[in-house]
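[1] sequence and predicted model, in that order:
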Amino acid sequence: MEPCRCADDYARMFGRSTAAGDAKRFRRRGLRGSAADLAEGIEDIGVDGGSILEVGGGVGGLTVHLLEHGAASAVNVELSPGYESEAARLLADRDLADRVERRIGDFVTSDGLEPVDVVALHRVVCCYPDWRAMLDRAADTATRTIGLTFPRDWWPGRAAVTVGNGFCRLSGTQFRAFVHPADDMLAFLARQGFEVRTDAVGLVWRTVVLARALR
């Protein structure tokens, strides 16, 4: 599998100013919207004493929330280095730094990732051109649960992605977002042995949490 070719543009799009705003909102309000839906679905399956891997976790709000609600440890794999200083500050403020490993790189091609109980992909699959490669790596890594949030394939979801991509073109970046086929993604994960447990549908975002089927 080839690495994502948008890493540099991703880092420019999601840099320190984005990180500062995300950290401020999380401190003030905690998780909201689809992030809260994702956390709730993961917690319903169970996180007590478990290990988390969050892909593209930004400053790590979802990771912090899950650690404070029973998870034991976490890894965050993030393409943009611009989040690191704010993430470190947030972890230090919550006394969680010794329970989180943060890595910079492409989750799909990262070496040395150990299996974990939960893989979380909050608004991440839509930022990656090859959804099969990302979900295949997630299925190989998760022993219990996969949670993902992605744009709905209807006009508000498509409009949000179109507007965002228009901004990218105007700013000269090659980064693009995608509305990947939900039915194909869920069928792919079903073939990997995961079954849907929760499916929360909002105006733009859809949040699905799947558990590995018992054999």
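    The structure has been received and is ready for your questions.
[2] which residues of this structure fall in helices?
    7-13, 16-29, 33-45, 61-68, 84-93, 131-141, 155-171, 182-191 (DSSP state H).
[3] deepest of these, which one?
    Stretch with highest mean neighbour count among these: helix 61-68 (a mean of 22; mean count of other C-beta atoms under 10 Å). (Each C-beta comes from the backbone N, C-alpha and C, glycine too.)
[4] give me the below-cutoff pLDDT ranges for the chain.
    Low-confidence segments of the chain (pLDDT under 70): 1-15, 155, 157, 164-172, 174-175, 215.
[5] related to what we said a few turns ago, the helices of the chain: which one's closest to L113?
    When the helices of the chain are compared by C-beta to C-beta, helix 131-141 sits nearest L113, at 6.0 Å.
[6] packing partners of that closest one?
    The helices and strands touching helix 131-141, judged by 3 or more C-beta pairs under 8 Å, 6 or more residues apart in numbering; DSSP states H and E, are strand 51-55, strand 116-122, strand 142-151, helix 182-191.
[7] so which of these gets nearest G33?
    Of those, the one closest to G33 (C-beta to C-beta) turns out to be strand 142-151, at 9.1 Å.
[8] what's the angle from that closest one to helix 131-141?
    Strand 142-151 and helix 131-141 are oriented at 150 degrees to each other (axes from the mean of the first three to the mean of the last three C-alpha atoms, to 10 degrees).
[9] could you pull out the buried residues of strand 142-151?
    By 16 or more other C-beta atoms under 10 Å, the buried positions in strand 142-151 come out as 142, 144-151.
[10] specify which member of the residues you listed is nearest to R16.
    Nearest to R16 among those is T149, at 23.7 Å by C-beta to C-beta.
[11] so what's that closest one up against?
    34-35, 37-38, 121-124, 205-208 (C-beta atoms under 8 Å, 6 or more residues apart in numbering).
[12] and if you look at R94?
    64, 67-68.
[13] let's go with 10 Å and repeat that
    If you count contacts by C-beta atoms under 10 Å, 6 or more residues apart in numbering, R94 has them with 27, 60, 64-65, 67-68, 100.
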